[in-house]
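Sharing a model that was predicted from the sequence below.
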Amino acid sequence: VKPPNVGELCEKARLSLTPDEAAEIGPQISRVVGWFGQLQEVELDNVDPAIRVGHEVESQRGLRRDEHLDFTEKDSMVASVGEKEGVFIKVPKILN
Amino acid sequence: MSHSRHLLALASGLVSTPASTGPGNWIPPRSPSLTIQSFFPRGSTTFSNMGVNTGAQDVVHPRSPKSLHLRRSFISGERSSADCARTPGLIVTEYLDRLREKEPDVKSFLHISSSALDEAAEIDGRLARGDDPGPLAGIPIAIKDNLCTRGMPSTGGSRILDGYRPPYDATAVKRLKESGAVLIGKTNLDEFGMGSSTESSAYQVTSNPWDLSRVPGGSSGGSAAAVAAGQCACALGSDTGGSIRQPASFCGVVGLKPTYGRVSRFGLMAYASSLDVVGCLGTSVDDVSLLLTAIAGHDPADATSSSKVVPNYLKALVPAKELPGNPLAGMKFGIIKETIGEGVEPAVAQVVKNAVVHLEKLGAVVQEVSLPTFSLGLPAYYVLAASEASSNLSRYDGIRYGPRVVADELNAMYGASRGQGFGAEVKRRILMGTYALSAGYYDAFYKRAQQVRTLIQQDFKKALEDGHILVSPVAPSPAFKIGEKVLDPLSMYLGDLMTVNVNMAGLPALSLPCGLIEDEGSKLPVGLQLIGNAFEEEELLRVGHIFEQTVPTW
């Protein structure tokens, strides 16, 4: 496994770091990822991966009724948005 | 002990101020002089001669069920001769006064409610009319700031939600309001729940009321400190890898992590969705039981919430004077071998072993049990948590809520808003999670962590099968100094050893104050962790209550 490349990861995570931050975070992440390496040393053949907790969560067996529900807080949600123009949320242009 | 003496104790407790022994050092007024490292005497500990605290002035007293007393005094109308009317208005005023008095030192709150007194007055009115004000009426409760509260800001301890006011209440918050509780404020936390000291809050560092130079633990450090300092009667927190239990241990209060699915997560800012739970902190098991009863239960808005019936958790608790001679007779406990050996401070291991002796004297059988994959849980947890966090935190894009950094182009705007809005620890975890989930790395990290998760679940299942309740310390050390671990993230993670596995299995666990350790002139609390089977909070609380009723006072 290749060690973490901070630049690539920042691109994927849409996170911008200053050069100083990147210089500090790089070694910290590498150290922790190295510590994750213990997981490679364990015998795990024939063990199923657990997606969730051990007990069954019964709600997942059922689906809710197919009925219309009104969401009443649209106005206050929209109020949290920084930049708007009419009914649109305004964002910077998307370059490719 | 008569009810009016309880009220007297409560009344005097409420108006006392802690003794100060010098700058930055606060010791609860009635701490006994300890020369031993725990408060368990070596000889026999019969609980028949241990009364309930008799008028302790100490607001940090670990066994005083403040919320329960408050409720009983309102409903029964009993008044002691020492005071005239213990109305919700008066109680909330007193708590607010004490909150403000302690706040410059402890700094547990990010926001103090401006409507608390109005809400209390409204409950006064309901009581006066003879209406039932609800099971938590008038009780001042603090809410961790990663739970959405409509009337108050909710920042998650992060700059990226600076100024954010949610348009809705978290379900747990809504249920508290419906029970008549007065939400006194929002407490400080490690940013988005990521941390074990509350030092990674973007806003302020909270101090441990037992020693202001030390951390309160995390991530629910603000809630734990607020309860310990008497700034609120009880509090809500969240626990993803120990974030309720460890601060409860560091601050000498009771903390409950419920079973995954017991309490709705709707309105809890998601950190790791398969691990997060909402839970309770209080000065005693009674209060935590009262709180859990109010907030637990199925929620259509949370597909992972359980439809299992919620019992009245308070009903299972038996007062000390009604307990039989051997109240834990027939009960089996398993102390987890891997938690009392290497990697745990000897003083902590000793305090926990003394607590085990106490359990035995109450009639229990305590054996050593082994959970062989125990230590693997920590790296597995951090892989899973960081991975889930990297996904959950992608919603913070600077567009729909929170501050936005101006940029010419969309990706640059995302990068800058997130880069400036998130703190260092959050950024580390997002990047590590992104790494673990990258194409080609899934098998090496994420899948293996999930497989370890299966093994841990199997180990717990086996150990709990024989009707054991599992016992361990909550943390390998008492509260450490502020700044001690910030430079080395890994050293911070290692402190979570005792708690993360419980989240991976989704089990309930209780952290109970069980002793004090002396370190550099400060007395620091140590917590005992009790772990039970899924949805068996009743049993944990019953046992915890017996334990706390029968140990000596601080």
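Yes, it's here.

Where does the residue in chain A that chain B sits nearest to sit, in terms of helix or strand?
In chain A, the residue that lies nearest chain B is A:V53 (2.7 Å; Cβ to the nearest Cβ). The C-beta positions use only the backbone N, C-alpha and C, and glycine is treated the same way. Remark: A:V53 resides in no helix or strand, with elements defined by DSSP states H and E.

residues contacting it?
By Cβ atoms under 8 Å, 6 or more residues apart in numbering or on different chains, the contact set of A:V53 is B:260-261, B:274, B:457, B:504-506, B:534.

Closest one of those to chain A?
Within the set of the contacts of A:V53, B:G506 lies nearest chain A; the separation is 2.7 Å, counting by Cβ to the nearest Cβ.

who touches the closest one in this structure?
A:52-55, B:259-261, B:534 are the contacts of B:G506 under Cβ under 8 Å, 6+ apart.

again, only this time at 7 Å
By Cβ atoms under 7 Å, 6 or more residues apart in numbering or on different chains, the contact list for B:G506 reads A:53-55, B:259-260, B:534.

Over to B:D496?
Residues near B:D496 by Cβ under 7 Å, 6+ apart: B:196, B:241-242, B:378.

How about B:P346?
Taking Cβ under 7 Å, 6+ apart as the definition, B:P346 has no contacts.

what pLDDT does it get?
B:P346 carries a pLDDT value of 94.

Among the contacts of B:G506, which one sits closest to B:R165?
Checking these against B:R165 with Cβ to Cβ, the nearest one is B:Y260 at 28.9 Å.

To what extent is that closest one buried, counted in neighbours?
Applying the criterion other Cβ atoms under 10 Å in any protein chain shown, we find 29 residues in the vicinity of B:Y260.

My understanding was that it contacts B:G279; is that so?
No - between B:Y260 and B:G279 there is no contact, the gap being 10.7 Å when judged by Cβ atoms under 7 Å.

before we move on, back to that, distance of the residue of chain A closest to chain B relative to B:Q450?
Plainly put, A:V53 is 12 Å away from B:Q450 if you go by Cβ to Cβ, to the nearest Å.

Could you list the low-pLDDT ranges of chain A?
By pLDDT under 70, the weakly predicted segments of chain A are A:57-62, A:96.

same thing but 90
Judged against pLDDT under 90, the low-scoring parts of chain A cover residues A:1-3, A:51-67, A:69-83, A:86-87, A:94-96.

backbone phi and psi for the residue nearest the centre of chain A, please?
Central residue of chain A (Cα atoms, centre = their mean): A:A13, 8.2 Å from the mean position. With angles defined as degrees, to the nearest 10, A:A13 sits at phi -90, psi 0.

contacting residues around it?
B:390, B:430-431, B:434.

ok, and of the residues you listed, which contact chain A?
Here is what survives when the contacts of A:A13 are matched to chain A using Cβ under 7 Å from any Cβ of the partner chain: B:390, B:430-431, B:434.

Mind picking the two most distant members of the residues you listed?
Checking the ones next to chain A among the contacts of A:A13 with Cβ to Cβ, the most distant pair is B:S390 and B:L431, at 7.7 Å.

These two: which is more packed in?
Set side by side, B:S390 and B:L431 show more neighbours around B:L431, with 27 against 22, by other Cβ under 10 Å.

any idea which element that one lies in?
Judged by DSSP H and E, B:L431 forms part of helix B:424-437.

and that helix, what's its mean pLDDT?
For helix B:424-437, the mean confidence score works out to 97.

ranges for the strands of the stretch 201-350 of chain B?
Remark: strands of the stretch 201-350 of chain B, listed N- to C-terminal, are B:234-239, B:254-257, B:277-282, B:332-336; assignment by DSSP state E, counting those that start in this stretch.
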